[in-house]
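K.L.:
What follows is a protein structure lacking sequence information:
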């Protein structure tokens, strides 16, 4: 039974790119395995759905045919028809290769389907300031990477690649099998050369001819300014590498720490400023701690409790510029008064204040 990727993300068919991205972020955060209420299987389904609907070419194929023939369908990077490639069949003395049919539409490329490596998901914790202004983080991941010695060819540096003798350089082999319906010819990917038609004359010593090796890789992750807590960043091709195929993707979930005194709402930052009653009546100048340092603001005479004072361009950076920093005034009423202070307040009361 084919999966409905739109249903998995809670969308209607034909949803826009922005709608797909927004739904993926929401669902990924909801089902992330690190959460107590998370569900690893649903998280994998959501990631798989986004790998198709988040890619314009794969999405177009899926909308037309109900599946993507370029690295999705079933398991991540798997073949939606099963096995190592599209099958063929023999009927009435004529042999059909389904690969040849799909290659006419641009799928598979002459019988070869691009296989895809496994996706990787990691979490990164950020300070409040790093989430607001952006930062570049480096992470060290141990995973299957393209062999740096042979650059993925599987051949010893300086040696050549020979034509595969199993498939004679075709990348696929035809086999005849017997069934209750008679003779049956099938076409499959050559297991010797993995569909490339070439094999190393001498194997690379680092990867033993596989073209990939399990190594540590340091990856620089550029966190954009203004990223929200719980958002997910996708780095295409930075997941697990596979021999003669496309690497999976790397997904980074962001966990932003709260600030002790500053709150965030979209591109606006805010803080509460306690002031004295007399300063509320007469006005004063106060220093406010923003993420850019200390800023002096003028409190107007007669300000009321809860009133907002705006500091322009001290909020969260965005494509449209920086947001504002809003200061919420909190008028502090003294709990006890000295005799002198009480007398002065009574005089003010007499003045109708």
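P.N.:
Nice, thanks for sending it over. Small disclaimer: the values here were computed from a predicted structure and weren't measured.

K.L.:
Which residue ranges of the stretch 101-250 of the chain form helices?
P.N.:
Taking DSSP state H, counting those that start in this stretch, the helices of the stretch 101-250 of the chain run over residues 128-133.

K.L.:
Where does pLDDT dip in it?
P.N.:
101-114, 177-184 (pLDDT under 70).

K.L.:
can you give me the strands in it?
P.N.:
With DSSP state E, counting those that start in this stretch as the criterion, the stretch 101-250 of the chain has strands at 120-126, 135-146, 161-163, 172-179, 182-189, 198-200, 212-223, 232-235, 250-256.

K.L.:
Throw those strands into JSON lines and include distance to residue 12 and mean neighbour count, thanks.
P.N.:
(Glycine included, C-beta is placed from N, CA and C.) Converted to JSON lines, the strands of the stretch 101-250 of the chain look like this (distance: least, CB to CB, whole Å; neighbours: other CB atoms under 10 Å):
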{"stretch": "strand 120-126", "distance to residue 12": "27", "mean neighbour count": "15"}
{"stretch": "strand 135-146", "distance to residue 12": "36", "mean neighbour count": "15"}
{"stretch": "strand 161-163", "distance to residue 12": "48", "mean neighbour count": "14"}
{"stretch": "strand 172-179", "distance to residue 12": "39", "mean neighbour count": "12"}
{"stretch": "strand 182-189", "distance to residue 12": "37", "mean neighbour count": "16"}
{"stretch": "strand 198-200", "distance to residue 12": "46", "mean neighbour count": "19"}
{"stretch": "strand 212-223", "distance to residue 12": "32", "mean neighbour count": "14"}
{"stretch": "strand 232-235", "distance to residue 12": "22", "mean neighbour count": "18"}
{"stretch": "strand 250-256", "distance to residue 12": "24", "mean neighbour count": "20"}
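
K.L.:
Turn these into TSV, including distance to residue 280.
P.N.:
Output for the strands of the stretch 101-250 of the chain, formatted as TSV (distance: least, CB to CB, whole Å):
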stretch	distance to residue 280
strand 120-126	37
strand 135-146	39
strand 161-163	81
strand 172-179	82
strand 182-189	78
strand 198-200	81
strand 212-223	40
strand 232-235	45
strand 250-256	34
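
K.L.:
so which of the ones you listed comes closest to residue 269?
P.N.:
strand 250-256 (13.0 Å; CB to CB).

K.L.:
now for that closest one, which elements pack on it?
P.N.:
Helices and strands touching strand 250-256, by 3 or more CB pairs under 8 Å, 6 or more residues apart in numbering; DSSP states H and E, are helix 17-31, strand 120-126, helix 128-133, strand 212-223, strand 232-235.

K.L.:
Cool, thanks, talk later.
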